[in-house]
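Enquirer: Turn this into a model:
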Amino acid sequence: MATSTLTGQVQEGGQARERRMAQNLYSPRVRLGNWNEDIYLEEELMKDFLEKREKGQLLIQRNRRLKENLLRPMQLSISEDGYVHCGDKVMLVNSDYPETEAHLVLGGDLSLCMTPDEIQAHLSDELEVPCGLSAAQTKIPVGRNTFIILSEDRNAMGQVLRYGQNFCLAITGGFEGKMLYLSSDHRTLLKSSKRSWLQEVYLTDEVSYLNCWQAAFLDPQLRLEYEGYPIPANAKVIINHCHTNRGLAAHRHLFLSTYFGKEAEVAAHTHLDSHRVEKPRNHWMLVTGNPRKDLSTMLDLPKPPAEDSRALEQATKALEQAVDPGVQ
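Expert: Below is the predicted model of the structure:
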C-alpha cells in the first residue's frame, strides 16, 4: 500500500515537471506553425494599406470626398425681374403646412435632395446611376439640393420659364463634369417608391422624354388662363411629369433612413382632395437666391410686419361713412 502511494506521488511529480518544462519551452519568442507566412501576410497587408492611402482609395477617404461634394456650398441664381429663367440654379422646396392625415411627420420646409444609396456610398466616391431622391429639412443651398432649370431647346438659356412649358431639372451633386436629370416612369412590380409603392422618382444621366416636367398654376380654376404666363420665382406651383401626368409629391409621413439621416420620401403621384384640388404634398416652390446675403435663399427674408390695427380701424370707419354718411 505504501509502495503504490509512493509510485503515484512520483508519477504526479513527473507530470508536473513536464508541464513546467513545456511552459518554459514554448515562450512568446518561440515561432509555431506557419510563422513565416504570417509575417509575409502582415507585410503585404501593410503595403496594400499604404498604397491605397497614397492613392486615396481607402473607404474613409472615399466617403469624405463624396460627402464634401454633396455638401459643397452652392450659390443660387438671383431673379432680377421676379421670374424663373432657363439656366437658373434653384431649390425645390415643399413649404411647411399642418399635416392632418398622419400623426408623425417631418415638419418644416423640405427641399428636394439627391440621396445616394447608403451601401453604394460606402463603396465608391462616385455617384451611382440611377440615384435616389428624398426631401430633407435644409434651407442651405448645397450640392445635393441645387437644381438647374433646362429647357428642351438648349439655346433658350436665360429666357423666362412659362406655365405649361416643358423643362428639365438637372443636378451636378457638387461634382464637375457630372449631370443627372430628374426622371420618372410608370410604376411596375419591380420598380416603385420604397415606402408608398407609388411611382418612383430618380436621377439618371440618360437624356429622354422621361426627364420632361411642366409647371402648372396652383389654382385649378385659373390654370388655363395662366397657361403661357411667366412663372414667378418663390411662388407655389404644381410640377407634373409630362410622360405620366403625375405630380411631384413629398410624403412627410413616410421616413427614409438615408446617408444623411432621417428624411422624407419623394414620389410622383397627384394627391387630390374632395374638390379635385392638389393637396399641399404637391405644392413646390422654385426658390432663388437672396441678393442681400451670400449662400442664402429668399426663404431667409423676414416676413413683412403686420398692419397697424389703428390704421385698419380708420380705414373701416372711412368706408362705413362713405356708405352711410350718418355714421359717426
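
Enquirer: now the helices for this structure?
Expert: Remark: helices assigned in the chain by DSSP state H are 2-25, 35-55, 59-70, 118-123, 309-323.

Enquirer: so for the last one, what's the average pLDDT?
Expert: When you say that, I think you mean helix 309-323. Averaged across helix 309-323, pLDDT comes to 57.

Enquirer: Quick one: residues contacting the residue positioned nearest the centre of the chain.
Expert: Central residue of the chain (Cα atoms, centre = their mean): residue 113, 2.8 Å from the mean position. Going by Cβ atoms under 8 Å, 6 or more residues apart in numbering, residue 113 touches 133, 134, 135, 136, 138, 144, 145, 260, 263. Any C-beta I mention is one placed from the backbone N, CA and C, and that applies to glycine too.

Enquirer: Any figure for the gap between it and residue 206?
Expert: 21 Å (Cβ to Cβ, to the nearest Å).

Enquirer: ditto for residue 248
Expert: Residue 248 sits 19 Å away from residue 206, going by Cβ to Cβ.

Enquirer: more neighbours, those two?
Expert: residue 248 (26 against 11; other Cβ atoms under 10 Å).

Enquirer: In contact with the closest residue to the more buried one other than its chain neighbours, which residues?
Expert: Excluding the flanking residues, the one nearest residue 248 by Cβ to Cβ, 6 or more residues apart in numbering is residue 239, at 4.4 Å. By Cβ under 8 Å, 6+ apart, the residues touching residue 239 are 92, 213, 214, 215, 216, 247, 248, 282, 284.

Enquirer: Out of these, which sit inside strands?
Expert: 92, 213, 214, 215, 216, 248, 284 (DSSP state E).

Enquirer: Dump the residues you listed to CSV, plus pLDDT and distance to residue 36.
Expert: Below are the ones in strands among the contacts of residue 239 laid out as CSV (pLDDT from 0 to 100; distance: Cβ to Cβ, whole Å):
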residue, pLDDT, distance to residue 36
92, 97, 62
213, 97, 65
214, 97, 71
215, 97, 71
216, 97, 74
248, 97, 63
284, 97, 66
